[in-house]
Each structure stands twice: as structure tokens, then as C-alpha cells.
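Peer 1: Sequence below, structure please.
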Amino acid sequence: MILTAAPQMAQAQQQDNTPPLRIVALGDSLTAGYSLPQTAAFPVVLEAALKARGHYVTIANAGVSGDTASGGLARLDWSVPDGTQAVILELGANDMLRGVDPAVTEKALDTIITRLKERGIAVLLAGMFAAPNLGQDYANRFESIYTNLASKHDLVLYPFFLDGVTGNAPLVLPDGLHPSAAGVEVIVERILPTVERFIAGVTAAP
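Peer 2: The predicted structure is shown next:
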């Protein structure tokens with residue numbers, strides 16, 4: 001269960017007419033909430049959890065089912081509108097499932113991050129692990145994408161977006177890939193400390 005502490009801070013900010021921190025979750029079906037009610041999608045559940053913790057934020061759902069890193073790059077400008085202050089970047093799972101050359105995925109993600117930073121938008125990078133059937137060499141190359149980019153761009157990294165969910169039958173849909181509503185709750189609970197650390201850095205930046 002996600003703790004619900006200190007909502008007073010968010011309420012005070014609302015009363016003072018302080019604008020919320022505007023975040024966009026840019027991703028694929030894992031962000032979009034594939035086969036779930038919109039209220040159960042990751043950005044909605046995360047926003048509610050952050051508000052319950054006293055953070056005055058809005059999180060826009062810019063997840064597109066089936067999207068690759070290159071697809072995310074192609075729609076970047078309209079998916080992340082002006083006024084956005086931070087992005088949670090969750091892309092690459094479909095590249096991996098399709099066996100896309102990790103160099104192609106890394107280049108697309110690198111370009112997304114570079115363009116967001118040029119706009120003054122902070123980025124939290126959510127990583128993904130490779131499926132075992134793709135072999136160790138592919139896994140090493142794919143999984144290093146996220147650590148490489150986090151190091152290169154000095155980003156907050158959440159190593160595995162599906163941590164605690166993959167392989168846990170009650171937390172995934174019948175396809176065995178996408179999180180159920182309960183799975184999304186687990187994702188949010190586990191990523192929440194990292195998001196809070198990320199937010200603290202964004203709000204402290206000059």
C-alpha cells in the first residue's frame with residue numbers, strides 16, 4: 001500500500017495559487033495503461049500518490065501502446081508541450097521485444113534526452129531489462145543503454161520499470177507482459193522514492 005502522508009503541503013500550494021509542477025510521462029503501453037481503465041494507468045496512480053505525499057504536481061499521460069524509442073522521438077514535440085518542467089521517460093520495451101539493435105534504441109533515447117534538456121526539461125529515465133530468450137549478449141547491450149545515458153546526461157535512473165511485477169502472475173494481465181491494476185500499484189509504490197528524489201532536484205534547481 002502506498003503511504004498517504006502530509007497532503008497539507010499540496011493543499012497550501014493550491015491555496016497560495018502556486019502552479020503545480022508539470023510532469024509528462026512519455027512512454028509506451030506500460031505508461032498508457034494498456035487494457036486498464038484510464039484511472040488505473042501509471043501516470044494517474046503516480047500523481048495521486050505524490051499528491052497524497054504532499055507534492056503539488058500534475059502528470060500528463062503521453063504513453064502510446066506499441067511505441068518504440070524512435071516513435072517517441074518522432075512525436076516528442078507534441079507529446080511534451082511547452083510549460084512542461086519534467087519528463088518521466090519510459091521507452092525501449094518494444095524495441096527489445098522486436099529485437100531492435102540496441103544502438104538504434106540508444107541513439108533515439110539519447111536524442112530525446114538531449115532535446116528535452118535543451119528545452120530546460122528535467123528527465124527521469126526508467127530502464128527496462130531484456131527478456132532471457134534474447135540471449136546474454138543482447139541483454140548486456142540493451143540494458144547498458146540506460147546506465148550509459150544516465151551517466152552521460154547525469155540523470156536520475158530507475159533501473160527497471162517493472163520491478164516486482166514481471167513474473168508475478170497476480171500483478172500482470174493474461175498476456176504475461178503488461179501490469180494489471182494491482183501491478184501498477186506495485187510499480188508506483190516502488191518507483192515513488194526515486195520520483196520524490198527527482199522532484200526534489202527539479203524544484204531545487206535555479
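
Peer 1: Going by neighbour count, list what's buried in stretch 162-180.
Peer 2: 162, 165-166, 171-172, 178-180 (16 or more other Cβ atoms under 10 Å). From N, CA and C alone the C-beta is placed, and that goes for glycine too.

Peer 1: swap that for stretch 94-102, sorry
Peer 2: 94-97, 100, 102.

Peer 1: I'd like the buried residues of stretch 162-180 laid out as CSV, including secondary structure.
Peer 2: CSV is the format used below for the buried residues of stretch 162-180 (DSSP: H, G, I helix; E, B strand; the rest coil):
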residue, secondary structure
L162, coil
V165, coil
T166, coil
L171, helix
V172, strand
H178, coil
P179, strand
S180, coil
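
Peer 1: circling back: which ones among the buried residues of stretch 94-102 map onto helices?
Peer 2: Counting by DSSP state H, these place 94-97, 102 in helices.

Peer 1: Can you tell me which of the buried residues of stretch 162-180 is nearest A69?
Peer 2: Among the buried residues of stretch 162-180, L162 lies closest to A69 (Cβ to Cβ), at 16.7 Å.

Peer 1: Test my guess that the closest one contacts H178.
Peer 2: No. If you go by Cβ atoms under 8 Å, L162 and H178 don't touch, sitting 9.4 Å apart.

Peer 1: okay, and the common contacts of the two?
Peer 2: Common neighbours of L162 and H178 (criterion: Cβ atoms under 8 Å, 6 or more residues apart in numbering): L30.

Peer 1: Need the nearest residue in space to G71, chain neighbours excluded.
Peer 2: Counting by Cβ to Cβ, 6 or more residues apart in numbering, G71 lies nearest to V64, which is 6.9 Å off, once chain neighbours are set aside.

Peer 1: which residues sit in contact with the one you found?
Peer 2: Per Cβ under 8 Å, 6+ apart, neighbours of V64: 27-29, 32, 71-72, 75.

Peer 1: Quick check: the two most widely separated of those?
Peer 2: Maximum distance among the contacts of V64 (Cβ to Cβ): 14.7 Å, for S29 and R75.

Peer 1: So for those two, which residue has more residues nearby?
Peer 2: S29 (21 against 13; other Cβ atoms under 10 Å).

Peer 1: Quick one: find the helix or strand in this structure with the lowest mean pLDDT.
Peer 2: Here the helix or strand of the chain ranked lowest by mean pLDDT, DSSP states H and E is helix 8-15, holding a mean of 53.

Peer 1: any idea which helix or strand comes after that helix?
Peer 2: strand 21-27 (DSSP states H and E).

Peer 1: Who are the packing partners of whichever helix or strand comes after that following strand?
Peer 2: Using DSSP H and E, the helix or strand that follows strand 21-27 towards the C-terminus is helix 29-32. Judged by 3 or more Cβ pairs under 8 Å, 6 or more residues apart in numbering; DSSP states H and E, the packing partners of helix 29-32 are helix 42-52, strand 57-63, strand 86-90.
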